[in-house]
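S.K.: with the sequence up front, the predicted model follows.
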Amino acid sequence: DQSSSMSSVRTELTDAFNQMTRALADSKAADSILMSAWTFDNQPNLLFGYTPIENVTDLDDSTYRPSGATALYDAVMDGFTGIVAYGQQLRDSGIRTRSIVCVMTDGGDNSSSYTASSVKTVADDLLRQEFYTLAFVGLGDENYFRGVATAMGFDNVLTTSNTASEIRNTLNLISGSVIRASQNQVGAASNSFFTP
């Protein structure tokens, strides 16, 4: 989420994101991790496509600039399109894949052309394929964000506060979960992605 409401935690979020990518790059699983990142404000913005984790550059004030509204659904659909297309390319080349989509937001959608139900249709299809994990982090009210995630078809949901320490803890948890998933230690049970 790069909407204007994220301005108050801009520095904390970029620092935590950079620490997360460094932890992934330093892990034993680093050779098997590719990362793509999107931001979203009034519209989705691709920061970088599928990049070996050791080549991911840090976020800074020039690459993360909170402003505007929250095109959550459009960003998720663009992310889905990218991960499905690239994942299929890899599988067609004989490379086994496991794909994780992790969304972090402090608000609901207020500017997308897609709807929650259209996102859920695609999410349900991806989850049936068993090599996709969909994880949602809501920075704020638990009941509200569980509703947002459920409407979009995300089955792994974590809610936390919008503070520097909680953002840092959440991104640390995500990096550990990604490493476990790359080692096939995350089961299919709902919400298992966020279980340390």
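M.R.: That came through, no problem.
S.K.: quick one: buried residues of the lowest-mean-pLDDT helix or strand in the chain?
M.R.: The helix or strand of the chain with the poorest confidence is helix 164-182; it has a mean of 89 (mean pLDDT, DSSP states H and E). Going by neighbour count (16 or more other CB atoms under 10 Å), the buried part of helix 164-182 is 166-168, 170-171, 173-182. For glycine as for every other residue, the C-beta is placed from the backbone atoms N, C-alpha and C.
S.K.: what's the answer for stretch 126-134, then?
M.R.: Result for stretch 126-134 [16+ other CB under 10 Å]: buried residues 126-127, 132-134.
S.K.: save these as JSON lines, and put in pLDDT and distance to Ile100 too.
M.R.: What follows is those, written out as JSON lines (pLDDT from 0 to 100; distance: CB to CB, whole Å):
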{"residue": "Leu126", "pLDDT": "95", "distance to Ile100": "11"}
{"residue": "Leu127", "pLDDT": "94", "distance to Ile100": "12"}
{"residue": "Tyr132", "pLDDT": "92", "distance to Ile100": "8"}
{"residue": "Thr133", "pLDDT": "93", "distance to Ile100": "5"}
{"residue": "Leu134", "pLDDT": "96", "distance to Ile100": "8"}
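S.K.: restricted to helices, list these.
M.R.: 126-127 (DSSP state H).
S.K.: in the chain, what spans have low per-residue confidence?
M.R.: 184-191 (pLDDT under 70).
S.K.: could you rerun that using 50?
M.R.: For the chain, the stretches with pLDDT under 50 are 185-189.
S.K.: in it, which residue is closest to the centre?
M.R.: Cys102 (2.1 Å; CA atoms, centre = their mean).
S.K.: distance from the helix or strand encompassing that residue to the middle of the chain?
M.R.: Assigned by DSSP states H and E, Cys102 falls within strand 99-105. Computed by CA atoms, centre = their mean, to the nearest Å, the chain-centroid distance of strand 99-105 equals 2 Å.
S.K.: try stretch 161-175
M.R.: Per CA atoms, centre = their mean, the centroid offset for stretch 161-175 relative to its chain is 13 Å.
S.K.: change the start of the numbering to 733 and stick with it
M.R.: OK, 733 is where the count begins now, so the last one is stretch 893-907.
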